[in-house]
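Colleague: after the sequence you'll find the predicted model.
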Amino acid sequence: MKQGIDSTAEGARTGSLVPAQREHESGTLLHIYQRHRTKFRSTQSRQVPIGERRKPDPKGKPGYLRVDTVYQGNKDGKAGLYHITAVDTVTQWQVIGCVETISERHLLPVLRQRFGVRQLSGG
């Protein structure tokens, strides 16, 4: 008896494969089909620069800020502060503040107080 050939009378007449070999062939066919029919594309790069560092071009209009942060560092196992400096690029008006973390929770109250506004618009 040859391995892979069904030795039953029905199998001998049809030349059918044993179930294990049928499974292997169908798996191979599926693999061949997927390899030839499935196309993969790489992720497209973004056309918008993210985190680009460049000098703003305010065209003489105030309101464009340069922001600088300096971390004070840890002392005796306690987290330090972040010193924030914001300078208007046209008027050179400067605002200074300190926050525990660089997050909306800590930054917004300081910026509201320093700029003297209730609501800061983002964007």
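Modeller: Arrived safely, thanks for sending.

Colleague: how does the chain divide up, domain by domain?
Modeller: 1-40, 65-115 (automatic domain parsing).

Colleague: where among those domains is average confidence lowest?
Modeller: Mean pLDDT values for these show the minimum at domain 1-40, a mean of 59.

Colleague: just the strands in the chain please.
Modeller: Assigned by DSSP state E, the strands in the chain fall at 65-71, 82-88, 94-99.

Colleague: ok, now which ones touch the nearest residue to Lys61 once chain neighbours are set aside?
Modeller: What sits nearest to Lys61 in space, not counting adjacent residues and going by C-beta to C-beta, 6 or more residues apart in numbering, is Val90, at 6.6 Å. Any C-beta I mention is one placed from the backbone N, CA and C, and that applies to glycine too. The neighbours of Val90, taking C-beta atoms under 8 Å, 6 or more residues apart in numbering as the test, are 58, 60-64.

Colleague: quick one: Val90 from Lys75, how far?
Modeller: Counting by C-beta to C-beta, to the nearest Å, the gap from Val90 to Lys75 is 38 Å.

Colleague: what does Val117 give?
Modeller: 33 Å.

Colleague: and if you look at Val110?
Modeller: For Val110 relative to Lys75 (C-beta to C-beta), the value is 21 Å.

Colleague: thanks a lot, see you next time.
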